Structures are given as C-alpha cells and as structure tokens.
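> whatever this is, show me its structure:
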Amino acid sequence: MQVRRLEITGAFEFTPKAFPDNRGLFVAPFQEKAFTEATGHAMNLAQTNHSVSARDVIRGVHFADTPPGQAKYVYCPQGALLDVVVDIRVGSPTFGQWEAIRLDSTEYRALYVAEGLGHAFLALTDNTVMTYLCSTGYNPSGEHGINPMDPDLGLPWDTELSGPAILSEKDREAPTLAEAAESGLLPDFNTCLAHYESLRTEQ
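As a prediction, this is how the structure comes out:
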C-alpha cells in the first residue's frame, strides 16, 4: 500500500496493489496497518455507505459538525470519479483550498477525509459506484453542505463535465463557503486538531 499525505491536513491518498489473473482481480482498498501508520489512529467504523451515480452527477460538498464529525474513507469499485477534499475549517492555513484525485476501478485509489473537512465528487462515467467507510452514523441534524458550484471555491468540474451538472436540490441550494462562514456553520481548525489528537491518544 502506497500512502501520500495531501497538502490539506487530515487528508491522505492510499494506493493499494492489485492482483489480476485469469479469474479477474483481487485488491484490498483499505488496510488497517497502513491506515494507522499514516494517521496515527485506527479507523472507527460505524457505517458503510454505497452510492451509484450517473455521468455528470455531483455530490457534495458535505461535512458534519465537529466534534464528533464524520471521517470518511472512500474508494470507487466501479466506474470513475473526480474526488475533491475541501478545507472548510476556520483558522486553517489552507482554508478555502481544495485537492482533487481521480478514483476509479482501475487503480482502486482511496481517499481519507478527516472530520471537519468538506467532501465532494463528480461521476465521470454512468453507474459509478462510491463506497464510504464512515466513522459515525447518519446524523441529519449535524450534517451540512456547501454549494459545489460556489465560484469563489472554483472546484474543477468544468473541465470534466460532459454536459450540465446533475445536483440534488439540497446541494444546489446549499450556502456558499462565505455564507456558511458568516453564519457560524463551519468547523473550527483548532477544535478539529484537538479531536484528531484525541483519536491518537485513544490508541
């Protein structure tokens, strides 16, 4: 398993080794040892999610109140997608910045998105599947969104879209990053760092 720490604190890319043969292919997208060595703590698993998306569907930018927040370890077992992590933590040196990684069923890369970070993706093929390992369960009152088309964020959809973006009504009507910050909706960077440290001390 190859691991790359992204520029945004709390985000990691994992690239597993695949084993193809005449029967097909075997791969382990999540490996606890590699994950723990990279992050300094285990992956608390409370829920797994599975989404199927048509070409040009955008989901996100989603985040949860932190603490407890919701960390996500995501990979694409079918199709291809452009996965984006956004730093929405007020006070972070990379606040408002994002990084994009292609996840697909060729290389089976995975992305870890720590609590307090924003997450979104664009499906690049029909029937694109995303698998999520989540550290906490679904909590409607604590889950929020940023508009993925916020021009100030400038997320990299335009170069990848084959037609009009397909969004849920909730995502389309979500506030911009500036509006969310003004309303006090966004996570605090130092609070998130303290939460990450608490995860490490639990080991």
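> spatially nearest residue to the residue positioned nearest the centre of the chain (excluding sequence neighbours)?
Taking Cα atoms, centre = their mean, the centroid of the chain lies closest to residue 119, which sits 3.9 Å from it. Sequence neighbours aside, residue 113 is the residue nearest to residue 119 in space, at 4.8 Å (criterion: Cβ to Cβ, 6 or more residues apart in numbering). No exception for glycine: its C-beta is placed from N, CA and C like everyone else's.
> you'd agree the one you found is up against residue 66?
No. Using Cβ atoms under 8 Å, residue 113 is not in contact with residue 66; the gap is 11.8 Å.
> those two: which has the busier surroundings?
residue 113 (25 against 22; other Cβ atoms under 10 Å).
> list the contacts of the residue nearest to the centre of the chain.
60, 61, 62, 63, 72, 74, 83, 84, 85, 86, 113 (Cβ atoms under 8 Å, 6 or more residues apart in numbering).
> change it to 10 Å
Residues in contact with residue 119, defined by Cβ atoms under 10 Å, 6 or more residues apart in numbering, are 11, 59-64, 70-72, 74, 83-86, 88, 111, 113, 132.
> that one looks like it's in a strand, true?
Yes. Counting by DSSP: H, G, I helix; E, B strand; the rest coil, residue 119 is part of a strand.
> how much space between it and residue 25?
Using Cβ to Cβ, to the nearest Å, residue 119 is found at 27 Å from residue 25.
> can you pull out the low-pLDDT segments for this structure?
Applying pLDDT under 70 to the chain picks out residues 203.
> try it again with 80
202-203 (pLDDT under 80).
> which stretches in it count as helices?
32-39, 169-172, 177-182, 189-201 (DSSP state H).
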